[in-house]
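Novice: take this sequence and fold it.
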Amino acid sequence: MELIKLLGEADRKLGKLDMYSDYIPNIDLFISMHVFKEATQSSKIEGTQTNMEEALLQKEDVALDKRDDWEEVQNYVAAMNEAIENLKTLPFSTRLICESHKTLLQGVRGKHKLPGEFRRSQNWIGGASIDDAVFVPPPHTSIGELMGDIEKFAHNDTQYFPELLKIALIHYQFETIHPFLDGNGRVGRLMITLYLVGKGILKQPVLYLSDFFERNRTHYYDNLMRVREKNDLAQWFKFFLVGIIKTAESGIATFDNILKLQKQVDTQIQALGSRTANARKIVHYLYQRPLINAAKVGEVAEVSSASAYKLVADLERFGILKEIPGGKRGRMYTFDAYLQLFKLACE
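Specialist: Numbering: from 1, shown residues only. Below is the predicted model of the structure:
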């Protein structure tokens, strides 16, 4: 009964979150920030140390010692965006998963670990060697069959099984199979969102569980191991559903705050008179990428350098833009109030 109660609550919260896809104008603007947040949190679980401000920088503005981490986050963003686009023509499948994995490992530290291909050797989780491993996944010779089984299960409509429990089980199975030499955790978490969108449970990719898993990392790993060692699926299902509920609640609060901020900012920039239209173009850009410099302001608003600096000054005066230190190619500004909405959701 506890599981049924959690399942009902998770369904209701997801439905409420999904409603924002219908009534927020230009929701695509805000999805890009959700993806950046997901990329930094999912990569953080794997030890990558890039925060959201750094993730939003151009490569040339990133310190050399942080570029590897930055590139891994950018790859995650690219993998998610490509996979969501591919869902328009491809079903949730091993092909989609492999293509996402290929993008994820392109040109970064795992580039020699068969990007887009299942492993051809034994791997293990935890421990310095297979002899002291915490868990040893199935042999590579069985991966094709096991992943095929996941795909069949995902699309089996002859026997009813609640979709949220289905993706919970698929995620557990994928992490247990550990089909790739590297990137299994990130791909496994990415799969959750892809499944929810692919099945039409969400119209847009607005729910990501990596933040919940990161904040409850010990419980996340313990609950996965509990299924492997004690066959305790009920506990894993409960943990997963609580993650859906908490993450959906956080997403709802973020969207509510975005709507309030939009209204406030629009009221502020109306005071600019003839410069309001150009200020709107900048704000529109900032909702997608809340980091900008004067040169980009000029490019987005299609105005001269002098006019760009005036716009920056106007937006700074209203508190919309805030200068941040560390810009290697001139002054950088952040849409701080907006960025904080996503950072608060991580706390």
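
Novice: check what pLDDT the residue most central in space within the chain gets.
Specialist: Nearest to the geometric centre of the chain sits residue 38, at 2.5 Å (C-alpha atoms, centre = their mean). At residue 38, the predicted lDDT confidence score is 90.

Novice: that one touches residue 210, doesn't it?
Specialist: Yes: applying C-beta atoms under 8 Å, one finds residue 38 in contact with residue 210, separated by 5.5 Å. The C-beta positions use only the backbone N, C-alpha and C, and glycine is treated the same way.

Novice: shared neighbours of these two, anything?
Specialist: With C-beta atoms under 8 Å, 6 or more residues apart in numbering applied, the overlap between the contact sets of residue 38 and residue 210 consists of residue 189.

Novice: doesn't the residue nearest to the centre of the chain belong to a helix?
Specialist: Yes: for residue 38, which was evaluated using DSSP: H, G, I helix; E, B strand; the rest coil, the result is membership in a helix.

Novice: how about it, what does it touch?
Specialist: Here residue 38 is in contact with 76, 80, 189, 193, 208, 210, 211 (C-beta under 8 Å, 6+ apart).

Novice: residues making contact with the host helix or strand of the last one?
Specialist: Assigned by DSSP states H and E, residue 211 belongs to helix 210-215. By C-beta under 8 Å, 6+ apart, the surrounding residues in contact with helix 210-215 are 37-38, 41-42, 44-45, 189, 220, 243, 246-247, 250, 345-346.

Novice: at 6 Å what do you get?
Specialist: Contacts of helix 210-215 with the rest of the structure, by C-beta atoms under 6 Å, 6 or more residues apart in numbering, involve 38, 41, 42, 44, 45, 189, 220, 243, 246, 247, 346.

Novice: any idea of the mean pLDDT for stretch 149-167?
Specialist: 96.

Novice: burial of the closest residue in space to residue 269 that isn't next to it in sequence, as a residue count?
Specialist: Computed as C-beta to C-beta, 6 or more residues apart in numbering, the closest residue to residue 269 that is not its neighbour in sequence is residue 279, at 4.2 Å. Summarising burial for residue 279: neighbours were counted as other C-beta atoms under 10 Å, giving 23.

Novice: output the contacting helices and strands for the helix or strand harbouring residue 279.
Specialist: Secondary-structure assignment from DSSP H and E places residue 279 in helix 276-288. Using 3 or more C-beta pairs under 6 Å, 6 or more residues apart in numbering; DSSP states H and E as the contact definition, the elements that helix 276-288 packs against are helix 27-45, helix 233-269, helix 294-301.

Novice: so for the closest residue to residue 117 other than its chain neighbours, what's the pLDDT?
Specialist: Leaving aside its sequence neighbours, residue 117 sits nearest to residue 98 (C-beta to C-beta, 6+ apart; 7.0 Å). Note for residue 98: predicted pLDDT of 97.

Novice: alpha carbons of the one helix or strand residue 98 maps to, in CSV - could you do that?
Specialist: Secondary-structure assignment from DSSP H and E places residue 98 in helix 94-105. Taking C-alpha atoms only, helix 94-105 is exported to CSV below (Å, rounded to 0.1, in the frame of the first residue of the first chain):
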residue,chain,number,x,y,z
THR,A,94,19.6,0.4,-27.4
ARG,A,95,20.4,2.3,-30.6
LEU,A,96,19.3,5.6,-29.0
ILE,A,97,21.3,4.7,-25.8
CYS,A,98,24.4,3.8,-27.9
GLU,A,99,24.2,7.0,-29.9
SER,A,100,23.9,9.0,-26.6
HIS,A,101,26.9,7.2,-25.2
LYS,A,102,29.0,8.0,-28.3
THR,A,103,28.3,11.7,-27.9
LEU,A,104,29.0,11.6,-24.2
LEU,A,105,32.5,10.2,-24.6
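
Novice: which residues are contacting the very next helix or strand once past it?
Specialist: Sequence-wise, the next helix or strand downstream of helix 94-105 (DSSP H and E) is helix 143-154. Applying C-beta under 6 Å, 6+ apart, the contact partners of helix 143-154 are 92, 93, 94, 118, 170, 173, 177, 179.

Novice: and the closest residue to the second one other than its chain neighbours, how many neighbours does it have?
Specialist: Pointing back at residue 93 there. Across the structure, with C-beta to C-beta, 6+ apart as the measure, the residue nearest residue 93 apart from its sequence neighbours is residue 151 (5.6 Å). The tally of other residues near residue 151 (other C-beta under 10 Å) stands at 17.
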